[in-house]
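>>> sequence first, then the predicted structure:
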Amino acid sequence: MKIQVAADLLDGLVLALLDKKDYYGYALTQDVQKAISISESTMYPVLRRLRSSGYLTTYDQAYEGRNRRYYKITDEGRKHLNRVLEMWTNYKQSLDKIFFASSKGDE
């Protein structure tokens, strides 16, 4: 069974990885896939949306005779990442209260 991932959570995963280092698209997709199931065809629209929102910038770097497009988080992207982390923490705490509540009805 797969749990559907909301756009905010996917944004947070991408931004969290980019907060550690710059990535080119394929490598970023590979690292996101370690946590959730996502295809490259899903990842690139996410990257374009984050870039158009001002959360990412890009630059090209030569690699084996070709250019790779790298993605880099911006200061606005870090602010958005912090908002997503806060939303995630609140969401997780709400779910944990239900999933891990005592069967006796204790809170």
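Structure received.

>>> which residue ranges of the protein form helices?
7-20, 25-32, 40-52, 75-99 (DSSP state H).

>>> in TSV, list these along with mean neighbour count, mean pLDDT and distance to residue 60.
Placement of C-beta: from N, CA and C, glycine included. Listed next are the helices of the chain as TSV, based on neighbours: other Cβ atoms under 10 Å; pLDDT from 0 to 100; distance: least, Cβ to Cβ, whole Å:
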stretch	mean neighbour count	mean pLDDT	distance to residue 60
helix 7-20	18	94	16
helix 25-32	16	95	12
helix 40-52	14	93	14
helix 75-99	13	93	19
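
>>> setting aside sequence neighbours, what's the nearest residue to the residue most central in space within the chain?
In the chain, the centroid-proximal residue (Cα atoms, centre = their mean) is residue 13; its distance is 2.0 Å. In space, and not counting its chain neighbours, residue 13 is closest to residue 32: 5.6 Å by Cβ to Cβ, 6 or more residues apart in numbering.

>>> contacts only, for that neighbour.
Neighbouring residues of residue 32 by Cβ atoms under 8 Å, 6 or more residues apart in numbering: 10, 13-14, 17, 38, 43.

>>> and if you look at residue 54?
Contacts for residue 54 were tallied using Cβ under 8 Å, 6+ apart; they are 74, 76-77.

>>> let's go with 10 Å and repeat that
74-77, 80 (Cβ atoms under 10 Å, 6 or more residues apart in numbering).

>>> also residue 56?
Counting by Cβ under 10 Å, 6+ apart, the residues that residue 56 touches are 14-15, 18, 22, 46-50, 70-74, 76-77.

>>> any idea how far it lies from residue 98?
When distance is defined by Cβ to Cβ, to the nearest Å, residue 56 is 35 Å away from residue 98.

>>> picking up where we left off before, list the residues that contact the residue nearest to the centre of the chain.
Counting by Cβ under 10 Å, 6+ apart, residue 13 touches 5, 28, 31-32, 34-36, 38, 46, 81, 84, 88.

>>> residue 51 now?
Per Cβ under 10 Å, 6+ apart, neighbours of residue 51: 57-58, 71-72, 74, 77.

>>> cool, thanks, talk later.
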